[in-house]
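>>> Show me the folded form of this:
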Amino acid sequence: MREKRSQKAEILNWLQHLGTITPKDALELCGCFRLSARIADLRSEGWLIVTEQPRIKGAHYAVYRLLGRIDEEGGITNDSFK
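This is a model prediction of the structure:
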């Protein structure tokens with residue numbers, strides 16, 4: 001039986017494979033209602049994730065894009081994509 005992964009692990013895996021995630025994606029993927037909190041957790045671990053806010057019919061929503069990981073020297077590596 002497969003071990004259940006945390007929401008954070010599921011979201012990181014999604015980002016590594018697809019590059020972006022929305023709150024709707026996170027809710028459908030792993031039942032995550034607080035995507036911004038999980039993104040903050042990933043950022044605190046050194047993942048470089050930017051927030052985009054497109055507008056559809058006058059409403060803004062968040063799209064999070066993984067750019068890579070910040071290494072020990074402060075540089076950005078993008079070899080974290082699978």
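>>> Can you pull out the residues in contact with the longest strand belonging to the chain?
Assignment by DSSP state E gives strand 63-70 as the longest strand of the chain. By Cβ atoms under 8 Å, 6 or more residues apart in numbering, the residues outside strand 63-70 that reach it are 15-16, 19-22, 35, 39, 46-54, 76-81. No exception for glycine: its C-beta is placed from N, CA and C like everyone else's.
>>> quick one: strands adjacent to it?
Sheet pairing of strand 63-70 (DSSP bridges) gives strand 20-21 (antiparallel), strand 47-52 (antiparallel), strand 76-77 (antiparallel).
>>> okay, the ones you listed in JSON lines with mean neighbour count and distance to Arg69 next?
As requested, the strands paired with strand 63-70 are exported to JSON lines (neighbours: other Cβ atoms under 10 Å; distance: least, Cβ to Cβ, whole Å):
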{"stretch": "strand 20-21", "mean neighbour count": "19", "distance to Arg69": "16"}
{"stretch": "strand 47-52", "mean neighbour count": "14", "distance to Arg69": "6"}
{"stretch": "strand 76-77", "mean neighbour count": "12", "distance to Arg69": "5"}
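>>> The ones you listed: which one's closest to Lys8?
With Cβ to Cβ as the criterion, Lys8 lies closest to strand 47-52 of the strands paired with strand 63-70, at 10.1 Å.
>>> how about whichever strand or helix holds Ala26: buried residues?
Using DSSP states H and E, the element containing Ala26 is helix 23-30. Counting neighbours by 16 or more other Cβ atoms under 10 Å, one finds that the buried residues in helix 23-30 are Pro23, Asp25, Ala26, Cys30.
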